[in-house]
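*Asks:* Sequence isn't available, so here's the structure alone:
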């Protein structure tokens, strides 16, 4: 057995000789991310071996100098002694900074109904008359009798494990108990209450968890079920990333022998890591978490429940279930009260999931009279159009380009990522901004949008995304994968192994991604007989929306050309929707209605989609009249140059 | 590893050196019974080692000749080579003879309601339109849509495992399926159906199991849920016997570390053995068993569910639950469909269990106008008095004497047991009858009643149960444990190791048992202000009643003195009650009502019980006027002798 210690966290683990470094990292619980699933292809799992012996199976994407400095690909490195390994900090997740901000601002909306008076889970403190020879009613009926007196409960249910603990629980507490009771989510369950737990009187604490299972990141809000406050939040990467970065890769992985159950375990492990952390930070115990509400796209929810998602991928794209039946935490191995109900939110279809219905709910587009466009751009772009009267949705396979995959220097929005670019239209020299003001290591989604817009406006690329090789600048050059534009130069000292570039291939990928999303807007609005110009507000949900520069997104034709004040960023609308239905029966019902009344337009069954897509593969679009502000910018730019 | 082969069954098993023979027998699945729990005290687990080497830790109750012949106590014998071991056949359970008779005569009563039209579990054969791009409803809603069309099901539920199998199940069957659906037991569940299973169309078979968990024997009826026929029955000893013969011993055993879960496993193992056998004999699969109804006394039901029964034993004698909530077969590890509902029948209290409520139901005493006494004598004697208008019950701690425990030559009603005795009043010589006409090895319950009556009438014992040592017969002698009467002599050749006797100690035990039961009758009738003579019929349930000689039971004062035609043997009324509620919603409701309306009289809280008990410790009773027919017999006997 060798001991491997990780820096800077100081976490360590004992593993047998021959273990892969990536496995040791996973076992130690260090946040880490295998983009290509540990195949040694992506070269992103670099770590630095500070002490000890390893064997590198592959040195792909590592220079001789790097290897000499100790750089290694974790997924290709075999442990051969005790080690001290530095895990580069940009791969550690910023757990709480964004979360705490969100927590401070989250509150129940005014129209959440009487959620305090009619909660899903309640604590009843009761003093029970002990049995005697004259009153020898059994424990269960005795408890039920007292609870009926308290709150008119007609029929009490309990699982076998709760029943097994009843006799001892009543006697240990001296017949003075807190009964933790659940009333069902649905109308027909209202008359029946379920005993979840029995605690000595005055000791029961009721917590809940609102959860968003994103393909990339998972977020958990720890909620006080009585007061409704978000006590704390935590987030981390989805542990399934090691099995594929996007939904389709995961579905394919699930087809492997044991793949589905492995993905289910990874989903539970990721959430358990967050639940454990929240409990630790807030002096809570797992069994005090008595209800969980879970949002996520349809595939994530299927995998979370261990339901085979394979038919989501195959035409005609059928999920097993849109509104999963309630399950108990123990069935999924979650670190919560074993009896806690896990309420998975309803989806609309294979590619419009519970993250979107939750977003529609928490964005309140379902209650406004304004014609609203709601978009959530992640690996897929999901779009909802409508208002309080009607809702129609579609999903565009944008691909993961804006999340950094399929783009040579692409990376996520973590420190060191370029997130804003300006290009001098005379010198073609770039000015860049990075997250955390670190040396630039790559470009994240918002940086790509910014870069594309600037390259286009400065003439570095043309309408079709081709680099103008006739320009007099060393920034445009031939790279390993064809023509490319150089944003930043490699700097080994600063921990930047590669030049940061955008290639023509990258640009084509990005144009396809933005084209798919814009084509979605076009087809969706046309399907209901309106024009994009009729849209009164655009609500942007999802993490992608947090950093996006709207002007530049319009410039490249990703967003429709309309006044900036019509756009609003909402952040993680999915977890906020989960939070709302965790607490409110009224909003839970509304969510079900949203999912039922939202129409789903299958783009692959729509003849006009391919045509719209092709038209949108240009900057900003084939139809320039749809982008008057961009045309104006281009004219201004040319004017400047001429001036 | 050594191979041990058992004769005459031919079953065999491989075990490591040093294994106890009793463990090998258990592992081989050979029916066998450790009366004292494997402590080497009772000497009843004799086997004959035909080939091979063993080491005897104890030779208690074995003579030198027996050891030479290979006799050994299975629980005290260590295996030291390959063996061939004869397991005496009288210890093998007569699996089916009694069962098949019962099966032939069991049918649903006329007033079982419309049970065929409103079954608990139904098979719906449906042809489902496969999904398409135009109709991309998810699998679950699609199935629900079809089922709603079939039978107006409003809401469908399913467990996570069923949901996990849904997508593949629908597609493997080509969208033509049998949906196995359960409608809940209770009113409020009526609107909701539960999908238990999905099978290719036309293949689903619906079976049920009606179960009686007796302290001594378990019985299972395999039932065709559609037609209602009992297809087959099987019974065996309760595997918990190895942890104690009576209810109190088992409760004490359950207090050991791991004792409760061990008893729960033994309960499941015993039933699984019977379920497996029934499936094998009837070409059925475990997962075709889609519902189980379980009767048994309160302690047996608690142990079956893994609920600590300790407070049943301690004043004020409180069960955890009288009407257990429905559980699923998978929760108890039963060999049935994992989703099959296990419906444990309701009890009245700690010592009037579901076996008695089931007996009241199936005996139909709950529907008659006749004043009825229902008795079920096993380890305890449970008594119910009443009719269609009212029911009152009590339990007498009769002790296990009539089941053979605490009686030197006592044994169960298996081949070789004396079940009927006649004693010549002049010579005091006995004539005996044994079950199976085998050499007498001991005395079973009915034999004890018969022997006591004959000994009393012939003057071998007096009113107080003392042997008359002045009689001129070698049958009355001093034994190892005091004065005794000899019924049969040991015969090693015939496999009878010991003389068969009744000692004065045995007789005192038997008087206490019969006295407790008769005192129960007295207190119960007096508590409602009637006399025993007012009782219009006496219904005898339980296995004990099957062989009892009523005349002789009256003679010893076990049964009240009334015309024989008022008595009726009903056999196993418990399993028949389970069978009825397995099928009929109407009868299930009636059973719940029976349990609720039946009053329970706690004898230990009744001041008159001790007095009645003391009066009943004589033959037939202190109050001879209550037994006029016995007085007449005694006069006749004396007359004969004088003539």
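*Replies:* Structure's in. What do you need? The structure displayed is predicted, hence computed values, not measured ones.
*Asks:* Hmm, residue A:192 is touching residue A:144, no?
*Replies:* No: shown here, residue A:192 and residue A:144 do not form a contact pair, counting by CB atoms under 8 Å, at 11.6 Å. (C-beta placed from N, C-alpha, C; glycine too.)
*Asks:* out of these two, which sits in the busier spot?
*Replies:* Taking other CB atoms under 10 Å in any protein chain shown, residue A:192 and residue A:144 do not tie; residue A:144 has more neighbours (20 against 17).
*Asks:* That one: which element?
*Replies:* Element membership for residue A:144, per DSSP states H and E: helix A:139-151.
*Asks:* Determine the set of other helices and strands touching the helix or strand following that helix.
*Replies:* Moving toward the C-terminus from helix A:139-151, the next helix or strand (DSSP H and E) is strand A:155-158. Applying 3 or more CB pairs under 8 Å, 6 or more residues apart in numbering or on different chains; DSSP states H and E, one finds that strand A:155-158 contacts helix A:139-151, strand A:192-200.
*Asks:* who's in contact with the longest one?
*Replies:* Put plainly, it is helix A:139-151. A:122, A:124, A:126-129, A:131, A:137, A:153-154, A:156, A:158, A:163, A:166-167, A:170, A:179, A:181, A:193, A:195, B:311, B:318-323 (CB atoms under 8 Å, 6 or more residues apart in numbering or on different chains).
*Asks:* Return the residues in contact with the residue in the stretch 301-450 of chain A positioned nearest to chain B.
*Replies:* Closest residue of the stretch 301-450 of chain A to chain B, CB to the nearest CB: residue A:321 (4.0 Å). Residue A:321 makes contact with A:307, B:138-141, B:163, B:166, according to CB under 8 Å, 6+ apart.
*Asks:* Would you check which pair of those residues lies furthest apart?
*Replies:* A:307 and B:141 (14.2 Å; CB to CB).
*Asks:* quick one, which of these two is more surrounded?
*Replies:* More neighbours surround residue A:307 than the other of residue A:307 and residue B:141, with 26 against 15 (other CB under 10 Å).
*Asks:* which intervals of the stretch 501-643 of chain A have sub-threshold pLDDT?
*Replies:* A:543-547, A:638-643 (pLDDT under 70).
*Asks:* If we use 90, what do you get?
*Replies:* A:541-549, A:569, A:571, A:602-607, A:633-643 (pLDDT under 90).
*Asks:* thinking again about what came up before, where do the contact lists of residue A:192 and residue A:144 overlap?
*Replies:* Joint contacts of residue A:192 and residue A:144 (CB under 8 Å, 6+ apart) are residue A:156.
*Asks:* now the residue nearest the centre of chain A: how far from residue A:380?
*Replies:* The residue lying closest to the centre of chain A (CA atoms, centre = their mean) is residue A:214, at 2.5 Å. According to CB to CB, to the nearest Å, residue A:214 and residue A:380 sit 11 Å apart.
*Asks:* anything in contact with each of those two?
*Replies:* residue A:297.
*Asks:* list the buried ones in stretch A:324-341?
*Replies:* A:324-329, A:332, A:334-341 (16 or more other CB atoms under 10 Å in any protein chain shown).
*Asks:* Domain parsing of chain A, as residue ranges.
*Replies:* A:2-91, A:121-200, A:207-354, A:359-399+A:518-621, A:401-510 (automatic domain parsing).
*Asks:* rank those domains by mean pLDDT and give me the bottom one.
*Replies:* Set side by side, those differ in mean pLDDT, and domain A:2-91 is lowest with a mean of 80.
*Asks:* roughly how far is that domain from the heart of the chain?
*Replies:* Distance of domain A:2-91 from its chain centroid, counting by CA atoms, centre = their mean, to the nearest Å, is 26 Å.
*Asks:* count of residues packed around the residue in the stretch 451-600 of chain A that chain B sits nearest to?
*Replies:* The stretch 451-600 of chain A approaches chain B most closely through residue A:600 (7.5 Å), counting by CB to the nearest CB. Applying other CB under 10 Å, we find 19 other residues in the vicinity of residue A:600.
*Asks:* Name the nearest residue to it, ignoring sequence neighbours.
*Replies:* residue A:349 (4.4 Å; CB to CB, 6 or more residues apart in numbering or on different chains).
*Asks:* Could you do residue A:182 as well?
*Replies:* Residue A:182's closest residue in space is residue A:194 (CB to CB, 6+ apart), at 4.5 Å.
*Asks:* Bridge partners for that neighbour, pull those for me.
*Replies:* In this entry, residue A:194 is beta-bridged to residue A:157, residue A:182, by DSSP bridges.
*Asks:* Is residue A:477 part of a helix or strand, or is it coil?
*Replies:* Classification of residue A:477 by DSSP: H, G, I helix; E, B strand; the rest coil places it in strand.
*Asks:* Quick one: residues contacting it.
*Replies:* Residues in contact with residue A:477 (CB under 8 Å, 6+ apart) are A:483-484, A:486.
*Asks:* about what we covered before: touching, the residue nearest to the centre of chain A and residue A:378? I think so.
*Replies:* Yes: between residue A:214 and residue A:378 there is a contact at 6.8 Å, judged by CB under 8 Å.
*Asks:* SS state for the residue nearest to residue A:332 when sequence neighbours are not counted?
*Replies:* In this structure, residue A:332 finds its nearest non-sequential neighbour in residue A:268, 5.7 Å apart by CB to CB, 6+ apart. Here residue A:268 is recorded as helix under three-state DSSP.
*Asks:* Kindly tell me how buried residue A:268 is, as a neighbour count.
*Replies:* A count of nearby residues for residue A:268, using other CB under 10 Å, gives 19.
*Asks:* do the same with residue A:227
*Replies:* Other residues close to residue A:227 by other CB under 10 Å number 10.
*Asks:* Please identify which helix or strand holds it.
*Replies:* Under DSSP H and E, no helix or strand contains residue A:227.
*Asks:* just the residues of the stretch 101-250 of chain A that are near chain B, which are they?
*Replies:* Within reach of chain B by CB under 8 Å from any CB of the partner chain, the stretch 101-250 of chain A has these residues: A:131-134, A:136-141, A:154-155, A:157-160, A:163-164, A:166-168, A:171, A:186, A:188, A:191-192.
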